[in-house]
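1. how would this look folded up:
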Amino acid sequence: MNDTFLQACRGEKTDYTPVWFMRQAGRYLPEYQAVRGKVSFLELCKNPELCTEVSIQPVDILDVDAAIMFSDILIPMEAMNLRLEFHEGRGPVFPDPIRDRQGVDDLLVPDPDEAMPFVMETIRLLRRELKVPLIGFSGAPFTLATYLIEGGSSKVFLETKRMMYQAPELYHALLAKITECTSLYLQAQARAGAQALQIFDSWVGILAPDDYRRFALPYVQSIISDLRKVTDIPVIYFANNGATLIELTKTAGADVLGLDWRIDIKDAVARVGDHAVQGNLDPVALFLPQDQLEARIKRILDNAAGARGHIFNLGHGILPQTPPEQARIAVEAVHRFSGR
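-> Model (predicted):
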C-alpha cells in the first residue's frame, strides 16, 4: 500500500508530498453524476456498494494518495432521532430544529454499529479494495449543532449564537449529546478499519476566539481524547476560516491541522507548533490557466517545506463546477514538484 499520506500525518519523512481533495468524491466528476442519477443523496449515503464505488472513483481518475469515504457529516444527526431532508439548491434541512429543552431531551445517542451499519460496511468494503489509505470523518460538535439549531445552513447563525449567549446551559446540554454521539461514531469507524479520521468544523470560523474557547474547542478536545484511548490512527482537525484560531486549534489534540486558503501556509507552519498541516489551495484556483495553477501549487509546497509534515489539499471542498482535468493537473503538479 502507498502509505505516504499516513507518514505525512505522523510527521515522518516522505519521498514526496501526498495530495487528496476534500469532497473529491462528488459532483464535479461525470462518473459520480452517473451513479447519483440513479438514487437520492440519502439513498446513496446508505448504500455501501455505491458509496464504495464513488469513493474509489477519484483515486483511479486523479491518482490521489488517500481516499475519503463517501458520506455526509449529518448522517449521525439523523440517527439521533431527527428528520433530515436534502433539497436541491438549499442543501440539508432539519424541519424540526432543536431550540428548547424538550428537543434536547428527545435526542438519542445511538449505537453507531446498530444505527449506521452502512457506514461501517462501506469502510470494510473500501479497505478490501483500496491501495491508498482510507480516511473516515465526522462533523465537529459546534458545526453539527448549527444545523440542528438553525434547521439548516445559515449566513449569520443567529439562532445558534442566541442560544449560546441567552441559554448557555441548554446549548451545552445539546453539545454534550452531539459530542457523545460523534465520539462513539468515530471510534466505530476506527474499529471498522478507517486509517485516519478527519473532523470537519466547517462553520467554527464565525466564532470570536473567546467564544471558540468556551463553546466549541472543549468538545473537539473531548472527542480526540476519547479516540486516543482506543486507537493511535492519525486525527485531522479542519477549522474552516480559522486563521484567527490557530493558537487554540493546535490545543485540540489532533495530529494534523487543516488550513483554508485565507492564510499563507508559511505563516501557519510557524504558528502550529509540533503539528503536520493540510492544505491550503483556494478551490477556485483550480480554474486558473495551467501555468498559473502550477506556480501557485509550487509556492504552497515551497512555503510548507518547514512543516513537521504536509498533506497538499484544497482550503475547502472541490467545487462542483471544477473541470476534472484541472484537478488531475493539480495532482500531477504536486507529485512532480515534490519529487514523486
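
2. Any idea how many residues pack against F5?
-> The number of residues packed near F5 is 27, by other Cβ atoms under 10 Å. C-beta: built from backbone N, CA, C; applies to glycine.

3. could you list every residue that touches it?
-> For F5, the contact set (Cβ atoms under 8 Å, 6 or more residues apart in numbering) comprises P18, W20, D65, A66, V132, P133, A196, I311.

4. want to try a markdown table for these, with distance to I75 and secondary structure as columns?
-> A markdown table is the format used below for these (distance: Cβ to Cβ, whole Å; DSSP: H, G, I helix; E, B strand; the rest coil):
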| residue | distance to I75 | secondary structure |
| --- | --- | --- |
| P18 | 27 | coil |
| W20 | 21 | coil |
| D65 | 25 | coil |
| A66 | 21 | coil |
| V132 | 23 | coil |
| P133 | 21 | coil |
| A196 | 19 | strand |
| I311 | 24 | strand |
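
5. quick check, nearest of these to E85?
-> Lowest distance from E85 to these (Cβ to Cβ) belongs to W20, with 29.5 Å.

6. Surely that closest one is in contact with D63?
-> No. With the criterion set as Cβ atoms under 8 Å, W20 and D63 do not qualify as a contacting pair; they are 10.3 Å apart.

7. Name the residue in the two with the higher neighbour count.
-> W20 (23 against 14).

8. What does that one show for phi and psi?
-> According to degrees, to the nearest 10, the main-chain angles of W20 amount to phi -150, psi 170.

9. heads up, I number from 16, so please use that
-> Shifting the count to begin at 16 puts that one at W35.

10. Distance to R98 added to the contacts of F20, as TSV?
-> Compiled in TSV, these are given as follows (distance: Cβ to Cβ, whole Å):
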residue	distance to R98
P33	39
W35	33
D80	38
A81	33
V147	36
P148	35
A211	31
I326	36
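
11. residue ranges of the helices in the stretch 66-215 of the chain, please?
-> Along the stretch 66-215 of the chain, the segments classed as helices by DSSP state H, counting those that start in this stretch run 90-94, 116-120, 127-130, 132-144, 156-165, 173-181, 183-207.

12. packing partners for the shortest one?
-> Put plainly, it is helix 127-130. In this structure, helix 127-130 makes packing contacts with helix 90-94, helix 132-144, helix 183-207, judged by 3 or more Cβ pairs under 8 Å, 6 or more residues apart in numbering; DSSP states H and E.

13. Just the buried positions in it, please.
-> Buried positions in helix 127-130, judged by neighbour count with 16 or more other Cβ atoms under 10 Å: P127, A130.

14. How about stretch 274-294?
-> Buried residues in stretch 274-294, counted by 16+ other Cβ under 10 Å: 274-278, 280, 283-284, 287, 290-294.

15. For P335, see how far away the residue positioned nearest the centre of the chain is.
-> Against the mean C-alpha coordinate of the chain, by Cα atoms, centre = their mean, the closest residue is F215 at 3.8 Å. Distance check for F215 against P335: by Cβ to Cβ, to the nearest Å, it reads 18 Å.

16. where in the stretch 116-265 of the chain is pLDDT low?
-> For the stretch 116-265 of the chain, no stretch is flagged by pLDDT under 70.

17. which one of the helices of the stretch 66-215 of the chain lies closest to N62?
-> Comparing these against N62 with Cβ to Cβ, the closest turns out to be helix 132-144 (7.0 Å).

18. Next, the angle from that closest one to helix 183-207.
-> Computed with axes from the mean of the first three to the mean of the last three Cα atoms, to 10 degrees, the direction of helix 132-144 lies at 40 degrees from that of helix 183-207.

19. Tell me which residues are up against helix 132-144.
-> For helix 132-144, with Cβ under 8 Å, 6+ apart as the criterion, the contacting residues are 60-64, 66-67, 70-71, 82, 84-86, 90, 127-128, 149, 151, 200, 203-204, 206-209.

20. from those residues, which would you call buried?
-> If we count by 16+ other Cβ under 10 Å, those have these buried: 60-63, 66-67, 70-71, 82, 84-86, 90, 127, 149, 151, 200, 203-204, 207-209.

21. Wait, P335 touches P45, no?
-> No. Taking contacts as Cβ under 8 Å, P335 lies outside contact range of P45: 11.5 Å.
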